[in-house]
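Student: coords please:
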Amino acid sequence: MSKFSEHLDKCISNSGMTENQLAKMSGFNRSYIALMKNGQRVSPDTEKMVKLLDALALQPFEHDSLWSEYIQERMGKDRYKVVEAIKDLIESMGSNLNISVKSQYHHEIPDIKTIDNIMDLNYMIKVVIEEEARKEDGKLYLIMQPDKKGIFGWLPGICKNSPGLKIEHIVCMERDQESNEKDQVYNIQILKELFKMMLADENFNYEAYYYYDRIISHFDTAALMPSAVITSEYVINIAADFEHALVLHDAEIIQYYQELFRKHKQKCKPMFRKVPNYMDAFEFYDNNTEWKEEKKYVLAAQPCFGILNSEEMVKKYAKLANQKVVALIQKWLANRYSEFQTKKTHMVCYATKEGLRRFAEQGIVDEIPEELYHKLERKDSVRLLKNILEMMAKGKYDIYLVDDQEIHLPQEVYFSSLNESAMYIMYLGKKKQQRFLLNEKRIAKLLVDFLTDFPQFPYSHDKERSVVFIEELIEQYGNGEE
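Tutor: Presented below is the predicted three-dimensional model:
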């Protein structure tokens, strides 16, 4: 018997309810409940499981514990850990940094050559980086894992509020030749920390590079001082225990370390490819999206509208004065719609009720920067929603509503798969939109697999419920009144 089945058996016994009573309240038949108690079945029907657990009237902590065990049993323990790590990554992207944590005063940099405790080391790293950040053309080179909370707790704030500071950062990814769950989870956690830097980088000054090695051998036993902070005036060479360091101030030594960094970077690959503005985004998507016989996935507050029949709306709503640009966007949309109709590509979108309602009620299209368009009239919002239902009826498009009780999907994030190992990510901030391609193929593949399997997780409602919600929006806002 599994941990889930044993716990379920105990909870049913404690409830005093019979299997027949539970069957009536949950929708399972009595024999199936008995099979789950005995560890012979794990139901894929999350809605019935919700009803079953509700019928048991469990305390909140026990309800959550049993539900977690159920999901683990369904997915498998290793797969569950990877999926939960990806969920955590997505949810964390809603925490955009708005406050600078730079010091308000100029701190004197101690005249020391060695450090032998973590408090002094964190202080030294902070004041050296802040000194570099004050320069108009500051440069910071890092060889360091981003799970070092001391520095990466405040470095995004420095990045966000120091437009002149250029940062190049080399990280080591855990080699996962055997694709084991522990390595995959670690790499996803690394990506989560790098996303914080990417989202704080409003000036496109942060670049991350990666290579693969065994972390424990490279950063613990095999390397004496594997981490380094390099600026134009200082080098802090840090030991594996992150408590001891050498502080180097000689110009010739600094130049030598900078050259070593450049040579190391040549052996690495860029983690992200940035797409600086909306015109670059059109060109990027044209060059990188191959409309083959495959499924495309989008996870965002709103579904993808870019493949719908909407090119004639561009002239009506575009704020752009340049008619050549407007014509280019119209052509791009027309080509996407035509290609999507004629080829066997299938679009699968996971969206929130809030995002769909915002589109229907306010005419706000999250994919498009606010400065580029006027909000859609309700009749046009409704028309595009009807277009989605028509595409769904033709088997070209699917929408699943995200269950906000199971996963918090930030309004700002937009994940789109380009193929089975490429993920295009947008951060739709109020002040600035950021677009980038995740170049690291292994993690991108994990994210694509996550989107592929999303309907099987408890994170989404079924397609039928999603269709009903869109129909309700069309009925509610279909009169065209503002």
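
Student: right, and the helix or strand after the worst-scoring helix or strand of the chain on mean pLDDT?
Tutor: Here the helix or strand of the chain ranked lowest by mean pLDDT, DSSP states H and E is helix 278-288, holding a mean of 65. Downstream of helix 278-288, the first helix or strand assigned by DSSP states H and E is strand 295-300.

Student: Pull out the buried positions in that following strand.
Tutor: 296-300 (16 or more other C-beta atoms under 10 Å). No exception for glycine: its C-beta is placed from N, CA and C like everyone else's.

Student: and if you look at stretch 160-169?
Tutor: 160-162, 165-169.

Student: Check the separation of the first and last residues in that stretch.
Tutor: Start and end residues of stretch 160-169 are separated by 16 Å (C-alpha to C-alpha, to the nearest Å).

Student: What of stretch 310-326?
Tutor: Terminal residues of stretch 310-326 lie 13 Å apart, using C-alpha to C-alpha.

Student: related to what we said a few turns ago, next, format the buried residues of strand 295-300 as JSON lines and append distance to Ile238 and pLDDT.
Tutor: Listed next are the buried residues of strand 295-300 as JSON lines, based on distance: C-beta to C-beta, whole Å; pLDDT from 0 to 100:
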{"residue": "Lys296", "distance to Ile238": "43", "pLDDT": "90"}
{"residue": "Tyr297", "distance to Ile238": "40", "pLDDT": "94"}
{"residue": "Val298", "distance to Ile238": "41", "pLDDT": "95"}
{"residue": "Leu299", "distance to Ile238": "37", "pLDDT": "96"}
{"residue": "Ala300", "distance to Ile238": "39", "pLDDT": "95"}
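
Student: need those in CSV with distance to Ala208, can you?
Tutor: Compiled in CSV, those are given as follows (distance: C-beta to C-beta, whole Å):
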residue, distance to Ala208
Lys296, 26
Tyr297, 24
Val298, 24
Leu299, 22
Ala300, 23
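
Student: Looking at these, which one is closest to Ile399?
Tutor: Val298 (9.5 Å; C-beta to C-beta).

Student: which residues in the stretch 251-400 of the chain form strands?
Tutor: For the stretch 251-400 of the chain, the strands defined by DSSP state E, counting those that start in this stretch occupy 269-270, 272-275, 295-300, 346-351, 397-401.

Student: Output the ones you listed as JSON lines; include the columns distance to Asp147.
Tutor: What follows is the strands of the stretch 251-400 of the chain, written out as JSON lines (distance: least, C-beta to C-beta, whole Å):
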{"stretch": "strand 269-270", "distance to Asp147": "20"}
{"stretch": "strand 272-275", "distance to Asp147": "18"}
{"stretch": "strand 295-300", "distance to Asp147": "25"}
{"stretch": "strand 346-351", "distance to Asp147": "29"}
{"stretch": "strand 397-401", "distance to Asp147": "33"}
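
Student: do you know which of these lies nearest Glu371?
Tutor: strand 272-275 (16.8 Å).

Student: Direction included, what does that closest one pair against?
Tutor: Using DSSP bridges, strand 272-275 pairs in its sheet with strand 433-438 (antiparallel).

Student: which residues sit in contact with the closest residue in space to Ala208 that isn't next to it in sequence?
Tutor: The shortest distance from Ala208 to any non-neighbouring residue, by C-beta to C-beta, 6 or more residues apart in numbering, is to Met271 (4.0 Å). Contacts for Met271 (C-beta atoms under 8 Å, 6 or more residues apart in numbering) come out as 171, 191, 194, 208-210, 438-440.

Student: Could you give the backbone dihedrals for Met271?
Tutor: With angles defined as degrees, to the nearest 10, Met271 sits at phi -70, psi -40.

Student: That one and Leu199, how far apart?
Tutor: To Leu199, Met271 is 14 Å away according to C-beta to C-beta, to the nearest Å.

Student: pLDDT score for the most centrally placed residue in the chain?
Tutor: Ranked by distance to the mean C-alpha position of the chain (C-alpha atoms, centre = their mean), the top residue is Ile90 at 3.8 Å. Per-residue pLDDT puts Ile90 at 94.

Student: do the same with Gly164
Tutor: 90.

Student: Helices along the stretch 101-250 of the chain, start to end?
Tutor: 118-133, 149-152, 155-160, 181-200, 215-216 (DSSP state H, counting those that start in this stretch).

Student: contacts for the first one?
Tutor: What that stands for is helix 118-133. Contacts of helix 118-133 (C-beta under 8 Å, 6+ apart): 102-103, 107-110, 112, 115, 138-140, 150-151, 154-155, 158, 162, 164-165, 229, 231-234, 236, 238, 242-245, 247.

Student: thought Pro458 was touching Glu406?
Tutor: Yes - the pair Pro458 and Glu406 passes the contact test of C-beta atoms under 8 Å, sitting 4.9 Å apart.

Student: Report the residue spans of the stretch 301-450 of the chain with pLDDT below the cut-off.
Tutor: Along the stretch 301-450 of the chain, the parts satisfying pLDDT under 70 run over 431.

Student: Would you mind measuring from Leu248 to Val235?
Tutor: 4 Å.

Student: Comparing the two, which residue is more hemmed in?
Tutor: Between Leu248 and Val235, Val235 has the larger neighbour count (other C-beta atoms under 10 Å), namely 24 against 18.
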